[in-house]
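K.L.:
show me how the following folds:
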Amino acid sequence: MGPAGTPRTDRTGDLVTLARLSAGTAAVEEILGWLAGRTGGAVALLDSDGDVVAAPPGQPPPHPAAATAVTGMHRRGTPSAVLGDGPETVDLVRLGADSRTFLVVTGSAERRHGVLLADAARILGLCWRLQEAERASRQVASAMAHSREAVLHLLMVGSLAAARRIAATLGPHLPDQSRVYVVECPAGRRSRVADRIERFAGRRAWIVPCPVHARHLIALVPTGRAATLDRLIAETVPEARVGASDELPLSETAIGYEQAFHALAVARGVPGRYARFDRHTDLTPLVEDSGHAWAAGFLAPCLAHTPARRADPGAEELLATLYSWLTFDSGASRHLKIHRNTLSARLHLLDGLLGVDLTRVADQSAAWLAVRLHAAPRATPAAPGRTVTLDRVLATPAAKVWARSRLSPLERAGSPAGIETLTAWLRTDTRLSATAAALGISVPAVRKRLARIEQVLGRSLLHAPSAKHELWLAMRAAGSL
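P.N.:
Here you go, the predicted model:
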């Protein structure tokens, strides 16, 4: 109502409605829908090329002449026009003096809405520019996220130089020494956790939402800034579980990620909701020259592979695929951003080149060790050793000591069922139903036993990255498989 209780004019009511709609989260769509009902015509936004960029759902397309008309109006700088002198007219109004977008309303010639359309165009222009700015901001944020994810992927496969070059343009610079964190929390809380890490680390952390696990956040935090971060995250974000690696050089980011992931498995079962990796000696430094020769011979067909077509994967792509499959299992397609059929085709090619079956834990474990030895720094590259076998690599005294250290927590826990379950699980290629059948228990019972083994060993078993390859090698070296 106006002064003294008099009714508002139509224009006043329309401006109030437009102002209210402009405050909505989908302002452009809501205004166009209201405008279609208010005018009784077909409403749309067209760009300077004549393409429809927004329109209410279910309405007919704009009059064919509108597309040609807006192109000419943009070229001439015309702010508005009316087409047609019959029973139907087309009103065209530019959304601002410098806009490339036009409001087009097709309706009855008997109902003219010049003032309404001029008012609507001004408000639509503001809403459209805001919507476009938000869309551009999201695109930039998405591009940044993908670039940061690409840096993490390069670090995981050992391409340090390329990772550093990209990181230098994005910021911050990658730390020479860092602790890797894997934080598990609701997907909607990842940004809050990331902000907490950023502030604590003085904006020097490298933080990436995990491309494989939707509830995980991966952070590389420089040495000296990570002392109590795991506890801080767990205390300030009650839903979070935090796993942290040792402090490692940048070249060992992949090892750090696996350590943090294994620590996360422990964090799920402890009151504080955070855990750091309980380091046991890695097998890789204990392997003698014959082991590096075995690894070089194992991977030689892959490293020497030349694709028949330019579009086919080369040696580097195949090696990255092998690493991703051994680390993320079926999540490798999400990690590599390829279709699962493409992943299957690459694995089939790797099977043929390496003479293995990468669905079997035994062959996976051999490939896992070979990839780690290939990535291990050496003064001189190892020459392939055709006569060296994996069993010979695992038969050295150092390997046997390592195997005992890996399995001793289960022995100290006095859990015969744990050792029996782990052995059956590995012998059946980690298939839960086959493990349950071999043990004569239910699948849920197998899961519970494996969850207890995770806590005893401080390693993830049921979720990738899994310690199954490391444990298979340990049991093989110990003579249990």
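
K.L.:
please count neighbours and contacts with C-alpha atoms only from this point.
P.N.:
Fine.

K.L.:
what's the average pLDDT for the helix ranked longest in the chain?
P.N.:
Identified as the longest helix of the chain according to DSSP state H is helix 114-156. Averaging the model's pLDDT scores along helix 114-156 yields 89.

K.L.:
cool, stretch 421-436 as well?
P.N.:
Per-residue pLDDT over stretch 421-436 has a mean of 96.

K.L.:
then stretch 42-62?
P.N.:
90.

K.L.:
what residues of that stretch count as buried?
P.N.:
Neighbour-count burial for stretch 42-62, counted by 16 or more other C-alpha atoms under 10 Å, picks out 42-48, 50-52, 54-56, 62.

K.L.:
measure that stretch end to end?
P.N.:
According to C-alpha to C-alpha, to the nearest Å, stretch 42-62 extends 7 Å from its N-terminal end residue to its C-terminal end residue.

K.L.:
residues in contact with it?
P.N.:
If you take C-alpha atoms under 8 Å, 6 or more residues apart in numbering as the criterion, stretch 42-62 is touched by 28-29, 32-33, 35-36, 66-68, 70-71, 74, 100-107.

K.L.:
ditto for stretch 284-296
P.N.:
Residues beyond stretch 284-296 that count as contacts (C-alpha under 8 Å, 6+ apart) turn out to be 369-374, 376, 382-386, 388-390, 393, 398-399.

K.L.:
drop anything exposed from the residues you listed.
P.N.:
Using 16+ other C-alpha under 10 Å, the buried members of those are 369-374, 382, 384-385, 388-390, 393, 399.

K.L.:
closest to A201 out of the residues you listed?
P.N.:
Distance from A201 was checked for each of the buried ones among the contacts of stretch 284-296 by C-alpha to C-alpha. The minimum falls on R372, at 30.1 Å.

K.L.:
quick one: that closest one from L471, how far?
P.N.:
Counting by C-alpha to C-alpha, the gap from R372 to L471 is 15 Å.

K.L.:
got it, and L154?
P.N.:
Between L154 and L471 the distance, using C-alpha to C-alpha, works out to 27 Å.

K.L.:
who are the packing partners of the host helix or strand of P444?
P.N.:
For P444, the host element (DSSP states H and E) is helix 443-457. Under the contact criterion of 3 or more C-alpha pairs under 8 Å, 6 or more residues apart in numbering; DSSP states H and E, the helices and strands touching helix 443-457 comprise helix 253-267, helix 397-412, helix 416-427, helix 432-439.

K.L.:
want to throw those helices into CSV with distance to S178?
P.N.:
Compiled in CSV, those are given as follows (distance: least, C-alpha to C-alpha, whole Å):
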stretch, distance to S178
helix 253-267, 8
helix 397-412, 25
helix 416-427, 33
helix 432-439, 36
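
K.L.:
highest average neighbour count across the ones you listed?
P.N.:
Greatest average neighbour count among those goes to helix 253-267 (a mean of 27), per mean count of other C-alpha atoms under 10 Å.

K.L.:
angle of the helix holding P444 against helix 432-439?
P.N.:
90 degrees (axes from the mean of the first three to the mean of the last three C-alpha atoms, to 10 degrees).

K.L.:
how far away from the center of its chain is the helix or strand just after helix 443-457?
P.N.:
Proceeding C-terminally, helix 443-457 gives way to helix 468-477 as the next helix or strand, assigned by DSSP H and E. Helix 468-477 sits 29 Å away from the centroid of its parent chain (C-alpha atoms, centre = their mean, to the nearest Å).

K.L.:
report the angle between the axes of helix 468-477 and helix 416-427?
P.N.:
Inter-element angle recorded for helix 468-477 and helix 416-427: 110 degrees (by the same axes, to 10 degrees).

K.L.:
doesn't V356 fall inside a helix?
P.N.:
No: assessed with DSSP: H, G, I helix; E, B strand; the rest coil, V356 is coil; it does not lie in a helix.

K.L.:
that one: neighbouring residues, count only.
P.N.:
As a burial measure, V356 scores 16 neighbours (other C-alpha atoms under 10 Å).
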